[in-house]
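>>> Could you look at this predicted model? Sequence included:
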Amino acid sequence: GAGVSQSPRYKVAKRGQDVALRCDPISGHVSLFWYQQALGQGPEFLTYFQNEAQLDKSGLPSDRFFAERPEGSVSTLKIQRTQQEDSAVYLCASESQETQYFGPGTRLLVL
Amino acid sequence: QKEVEQNSGPLSVPEGAIASLNCTYSDRGSQSFFWYRQYSGKSPELIMSIYSNGDKEDGRFTAQLNKASQYVSLLIRDSQPSDSATYLCAVKGTGRRALTFGSGTRLQVQP
């Protein structure tokens, strides 16, 4: 079946622009996670949803980062007033039976 | 001290040899452990999960867990050039749903 999909795959933003990253989880997966991966590092947790409820947002680095999953399926990660340090790959994962399956990621470059 | 530690490598092994990848973690209450493979420019792909002390084998891969020593390892037998990738160790800490990743070990299998 279809895996986790993310769009856009690449995004170039000027510093100060707002961006929105989309994640389509595997159908039926209740749990959805967002991670940020800097070059040469492992993914770092940002936030977690169970259905539409955001149960953990402890990893969001600042109040410029906001995530939502209003209908318990598709999720959007929004970054306001992007900064150069926001440049990274943003990975979405959905979970079934303790296992997280990752999407292809969105590579964000802030100039 | 990082929560999940891995040697960054690169670990270089000849084709056909056994590659041994190691990971230590700090949260003694962790219960779930995962190895992901990540090719350059791609997203993490699950190889193995392990939850109990001892060994778990799947094809050419064996995961080993020692909770007393807070140590988890991945052995790859008959290494192939296609195994060349970064291997990420991930742990679910006490009471957490999110994964905490190490920074990954880069494996190079020489033909």
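Ah, there it is.
>>> ok now do the closest residue to chain B within chain A, which residues does it touch?
Per Cβ to the nearest Cβ, the residue of chain A with the smallest distance to chain B is A:G42, at 3.1 Å. (Glycine included, C-beta is placed from N, CA and C.) Residues counted as contacts of A:G42 (Cβ atoms under 8 Å, 6 or more residues apart in numbering or on different chains) are B:4, B:88, B:90, B:101-104.
>>> Among those, give me the pair with the biggest separation.
Maximum pairwise distance in the contacts of A:G42, criterion Cβ to Cβ, is 11.4 Å, between B:A90 and B:S103.
>>> Of these two, which one has the most company?
B:A90 (24 against 18; other Cβ atoms under 10 Å in any protein chain shown).
>>> Direction included, what does the helix or strand harbouring that one pair against?
Under the criterion of DSSP states H and E, B:A90 resides in strand B:85-92. Note on strand B:85-92: by DSSP bridges, its sheet partners are strand B:32-38 (antiparallel), strand B:100-101 (antiparallel), strand B:105-110 (antiparallel).
>>> what's next to it, contact-wise?
For strand B:85-92, the external contacting residues (Cβ under 8 Å, 6+ apart) are A:42-43, A:98, B:3-4, B:6, B:21, B:23, B:25, B:27, B:30-40, B:44, B:47, B:72, B:74, B:98-102, B:104-107.
>>> Spatially, which residue comes closest to the residue nearest the centre of chain A, not counting chain neighbours?
Note on chain A: the residue nearest the mean C-alpha position is A:W34, at 3.8 Å, using Cα atoms, centre = their mean. Excluding the flanking residues, the one nearest A:W34 by Cβ to Cβ, 6 or more residues apart in numbering or on different chains is A:L46, at 4.2 Å.
>>> before we move on, the earlier item: alpha carbons only: can I get the strand holding B:A90 in CSV?
C-alpha atoms of strand B:85-92 as CSV (Å, rounded to 0.1, in the frame of the first residue of the first chain):
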residue,chain,number,x,y,z
ALA,B,85,24.6,3.7,4.4
THR,B,86,24.2,5.4,7.7
TYR,B,87,22.7,3.3,10.4
LEU,B,88,20.6,5.0,13.0
CYS,B,89,19.9,3.6,16.5
ALA,B,90,16.6,4.8,18.0
VAL,B,91,15.2,4.4,21.4
LYS,B,92,11.8,5.0,23.0
